[in-house]
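**Student:** Just need the structure, nothing else, for what follows:
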Amino acid sequence: MDDFQSHLPEESSSLRPKTHERTPSFLSNTSANSFARPIHSPQARIHTPSLRHRPSTPGSSRSNVSTGDHSEIISPVPRRHHQLQAHESRHWLDTPPLPPSSTRAGSPSSAISTTSPGRGPRLKHTLSFSSMASYDGPVSATASYRLRMSHEKRPVVEDSMARRWVRWMHKQNLKHWVVPCAVLISTLVKWCIGLGSYSGHATPPMYGDYEAQRHWMELTIHLPPSQWYNYDLEYWGLDYPPLTAYVSWLCGIVGNWIDPSWFALDQSRGIETPESKVYMRATVMAFDALVYVSAVIMFTRIWHQTRSSRSQHVALLTLLLQPALLLIDFGHFQYNSVMLGFTLYALNCFAMGQDILGAVYFCLSLGFKQMALYYAPAIGSYLLAKCVFLGPVAGRKLFINLALVTSVTFLLLFLPFVPPFAPSLTAALQPIKRIFPFARGLFEDKVANFWCASNVVIKWKRWMSTGGLVKLSTALTALGFLPSVVGLGWYGWKYRVKPVDTTQDTAATVTENKVDSATKYNGNDASSTTALLPLLPYALLNASMSFFLFSFQVHEKTILVPLLPLTLLLSGSSHGSEVFEIGMLVNNVAVFSMWPLLKRDGLAIPYIAITLLWNRLMGYNPFRVGNNGKPSPLQCLSITIYAAAFALHLIETIIPPPRSLPDIFPVLNVLISTPVFALTWLWSIKRSVEVGWAIGGLGSSSSTTNPASAIPPSFNSSHVFPRRSTVTDRKTSISSSIAGDGDTGGRQFRTRSLGFARGASLKQLPSRTASAGTTR
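**Tutor:** From the prediction side, this is the model:
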């Protein structure tokens, strides 16, 4: 009994078990059930072996103790991990015991000490630093190290309001209510914005965009389709593609059934009754929920499917409460969310490998608003690159299917404007002339793009004709999105499936490879997504921003188009990463660039409220410095931009513009916002190169003729949004966002953002059979 008592600490004497009949097994000595057994033999003695460590040796770990002596168990101490710091002690596995002041109840097994001779007591792994500080007994090297580290400055991980709310919902077992509550919250915010003013409120005779949308409902329900695009063009003539006209017709039919006076032809112009305004706002809410909200929910579940549910819910809040879209659609009054929702549906289909369905959705986006053409170079290049990637057989099949589906979709959209449904083909040309208004000039309002900013110095309309400006803007726009098109095309060609060389492969291998290239990568299977997918969001950002900066006849509201891919990237970024900082900066500057429009609409209060709410929700603070105490260059730029914007708002509030320069404040707004958008365009090119390099570098294409070895691994959404690494991975990896920090190495990362593939897994392309093909 002396041996057993010698191993019990003094403070645990109350937990000493009485003498019981026990089995000689070591496991039974430490089991909880053995303490409750009745006593049958008073002479029974308990012999508990002690546990001590011995250093690991390269050779055998067998103990040198004689077989007859079982008084102690010698366990090997694992060698230190090679990534531990050199100054750390080999006792890094030790854990000192609980302090006497601890109120935690000890488990039955804790009554048996496993302290090796010559070492001090050990603390539990779960002990907090405050408990360690109150411990007065001997402290091991590890405990001393932890106490020292507890007082050092550690990096503070900021927690946004959205994450705190999502975490609280999960802890309250309300996980399944997060999505409905997020949708209801966003709906409430949208409706509150809609209670304010709108474009053209009480400003006859032309009013504004609100009256334009209402007028289109009026004329579509009273006139045949052949007259939709040529009826009274001086008063808000229809200048959007046919799908917008069909939506206006549907809304007009329902509204005319409720109250015919709302949409009486030529008699209802400028109507602003409270009931009609509620109905018009409700139509925007309905189509937004039907198309955009559903597409966002689908996006978080497809592109974020390998991330935690909390990350998915935070991404959902990020996209649902984007301030620029809320202010334009539910304040200014438009239906941009429908066009963006169709585009987002197309991206979701591409991520699932459903390229045909994705092409249909993108055609619907083009058929609703011509601004979707800003995405056309990126999406067209992606689909064409995938056709090249799939090889001559499956790629040709996919190309033909895409061409047929696209043609049929546009034919159905323009069907009421072609014979025999229209008197002549000229009726089909009328919508096209209205959709592309080149006769309006280079720009109308003050927009934060290249033409308005440079017009301060170079008066373009004086130096060049309208035709020359159209050609110049087209050339600059094409040059702007050329890097994304070339990048997608290059990687599609690099990883293309080549014909099978029958002279080198066996008959069985040839048959397997033919089936693989013809069936597995047919463009319709969900597993046929390619390594090109991570490049798509950056290509969309590059192309759309190029159109916004250099295109012809751009409006302030057009910034919503490049904001979509940037906000998608933002939704998957880690807090403080490069993507996060740029995404927040550009979103805030985009709202600021629309200030002249929002001010004219009387939306100053929603402008301030929704911007502050979204920044608070995202936990964004541009004035917070890093762990080194110095702001980064990006933070310096952000602080400079915000200071200039705040100063402009302050001056505009106090000092009226001079009569000789009535547009001085909008021009200053343009000069502040345009450099940010130009830098974002350059950053999208930089990130496209980095992501492309991570996929496989810029080397020559593979010389193998084996399709299995020429095809990169099937790329699904787990490569776009990889799972968060385990605790061990976090200790041995770089804690950063790969899309934000610019590191494209082959290491494991704790978080990654939208659009990045694991570079190391894609640089090596394994062959399916060991006997077929060669390696790269």
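
**Student:** Distance check, the nearest residue to Ser186 once chain neighbours are set aside against Gly692.
**Tutor:** When the adjacent residues along the chain are set aside, Ser186 lies closest to Leu320, with 4.0 Å between them (C-beta to C-beta, 6 or more residues apart in numbering). For glycine as for every other residue, the C-beta is placed from the backbone atoms N, C-alpha and C. Leu320 sits 31 Å away from Gly692, going by C-beta to C-beta, to the nearest Å.

**Student:** Assign Ile611 to one of the three secondary structure states.
**Tutor:** To be clear, residue 611 is Thr; Ile isn't right here. When the structure is reduced to helix, strand and coil (DSSP: H, G, I helix; E, B strand; the rest coil), Thr611 reads as helix.

**Student:** re the thing from before, pretty sure the residue nearest to Ser186 sits against Leu184.
**Tutor:** No - counting by C-beta atoms under 8 Å, no contact exists between Leu320 and Leu184, whose distance comes to 10.4 Å.

**Student:** Of these two, give the one with the bigger neighbour count.
**Tutor:** Leu320 (23 against 11; other C-beta atoms under 10 Å).

**Student:** contacting residues for that one?
**Tutor:** Applying C-beta atoms under 8 Å, 6 or more residues apart in numbering, we find Leu320 in contact with Ala182, Val183, Ile185, Ser186, Val293, Val296.

**Student:** what's the neighbour count on Leu612?
**Tutor:** The number of residues packed near Leu612 is 11, by other C-beta under 10 Å.

**Student:** From Tyr620, how far off is it?
**Tutor:** Counting by C-beta to C-beta, the gap from Leu612 to Tyr620 is 10 Å.

**Student:** go on, Gly572?
**Tutor:** Counting by C-beta to C-beta, the separation of Gly572 from Tyr620 is 16 Å.

**Student:** now do Ser160
**Tutor:** Look at Ser160 and Tyr620: by C-beta to C-beta, they are 8 Å apart.

**Student:** More neighbours: the two, which one.
**Tutor:** Relative neighbour count places Tyr620 above the other of Ser160 and Tyr620, with 21 against 18, counting by other C-beta under 10 Å.

**Student:** pretty sure that one belongs to a strand, no?
**Tutor:** No - under three-state DSSP, Tyr620 sits outside any strand and is assigned coil.

**Student:** per-residue pLDDT, it?
**Tutor:** Listed pLDDT for Tyr620 reads 94.

**Student:** Please determine how far it is located from Ile639.
**Tutor:** Distance of Tyr620 to Ile639, computed by C-beta to C-beta: 13 Å.

**Student:** report the longest helix in this structure, please.
**Tutor:** With DSSP state H applied, the helix covering the greatest number of residues in the chain is identified as helix 664-696.

**Student:** what comes up buried for that one?
**Tutor:** Using 16 or more other C-beta atoms under 10 Å as the test for burial, helix 664-696 gives 665-670, 672-674, 676-678, 680-681, 683-685, 687-692, 694-696.

**Student:** Does Phe299 touch Leu347 like I think?
**Tutor:** Yes - taking contact to mean C-beta under 8 Å, the distance of 7.1 Å between Phe299 and Leu347 places them in contact.

**Student:** which neighbours do those two share?
**Tutor:** A shared contact of Phe299 and Leu347, defined by C-beta under 8 Å, 6+ apart, is any residue touching both; here these are Leu568.

**Student:** Looking at the two, which one has more neighbours?
**Tutor:** When Phe299 and Leu347 are compared for neighbours, Leu347 comes out ahead with 27 against 23, by other C-beta under 10 Å.

**Student:** could I get the helix or strand containing Ala643 in PDB with only the CA atoms?
**Tutor:** For Ala643, the host element (DSSP states H and E) is helix 633-654. Taking Å, rounded to 0.1, in the frame of the first residue of the first chain, the C-alpha atoms of helix 633-654 are listed here in PDB:
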ATOM      1  CA  PRO A 633       0.700  50.800 -48.000                       C
ATOM      2  CA  LEU A 634      -2.900  49.700 -48.800                       C
ATOM      3  CA  GLN A 635      -4.000  51.100 -45.400                       C
ATOM      4  CA  CYS A 636      -2.300  54.400 -46.100                       C
ATOM      5  CA  LEU A 637      -4.000  54.600 -49.500                       C
ATOM      6  CA  SER A 638      -7.400  53.800 -47.900                       C
ATOM      7  CA  ILE A 639      -6.900  56.400 -45.100                       C
ATOM      8  CA  THR A 640      -6.000  59.000 -47.800                       C
ATOM      9  CA  ILE A 641      -9.000  58.300 -49.900                       C
ATOM     10  CA  TYR A 642     -11.400  58.300 -46.900                       C
ATOM     11  CA  ALA A 643      -9.900  61.600 -45.700                       C
ATOM     12  CA  ALA A 644     -10.400  63.200 -49.100                       C
ATOM     13  CA  ALA A 645     -14.000  61.900 -49.300                       C
ATOM     14  CA  PHE A 646     -14.800  63.200 -45.800                       C
ATOM     15  CA  ALA A 647     -13.200  66.600 -46.600                       C
ATOM     16  CA  LEU A 648     -15.200  66.900 -49.800                       C
ATOM     17  CA  HIS A 649     -18.500  66.100 -48.000                       C
ATOM     18  CA  LEU A 650     -17.600  68.600 -45.300                       C
ATOM     19  CA  ILE A 651     -16.800  71.400 -47.800                       C
ATOM     20  CA  GLU A 652     -19.800  70.600 -49.900                       C
ATOM     21  CA  THR A 653     -22.000  71.000 -46.800                       C
ATOM     22  CA  ILE A 654     -20.600  74.300 -45.700                       C
END
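
**Student:** tilt between that helix and helix 664-696?
**Tutor:** 160 degrees (axes from the mean of the first three to the mean of the last three C-alpha atoms, to 10 degrees).

**Student:** what helices or strands is helix 633-654 leaning on?
**Tutor:** Here helix 633-654 touches helix 578-593, helix 664-696, going by 3 or more C-beta pairs under 8 Å, 6 or more residues apart in numbering; DSSP states H and E.

**Student:** out of the contacts of Leu320, who's nearest His649?
**Tutor:** Distances from the contacts of Leu320 to His649 were compared by C-beta to C-beta; the smallest belongs to Ser186, at 26.7 Å.

**Student:** Report the contact partners of that closest one.
**Tutor:** Residues counted as contacts of Ser186 (C-beta under 8 Å, 6+ apart) are Val293, Leu317, Leu320, Leu321.

**Student:** list the buried ones in the host helix or strand of it?
**Tutor:** Here Ser186, judged by DSSP H and E, is contained in helix 178-194. When neighbours are counted by 16+ other C-beta under 10 Å, the buried residues of helix 178-194 are found to be Val178, Val179, Ala182, Val183, Ser186, Thr187, Val189, Lys190, Ile193, Gly194.
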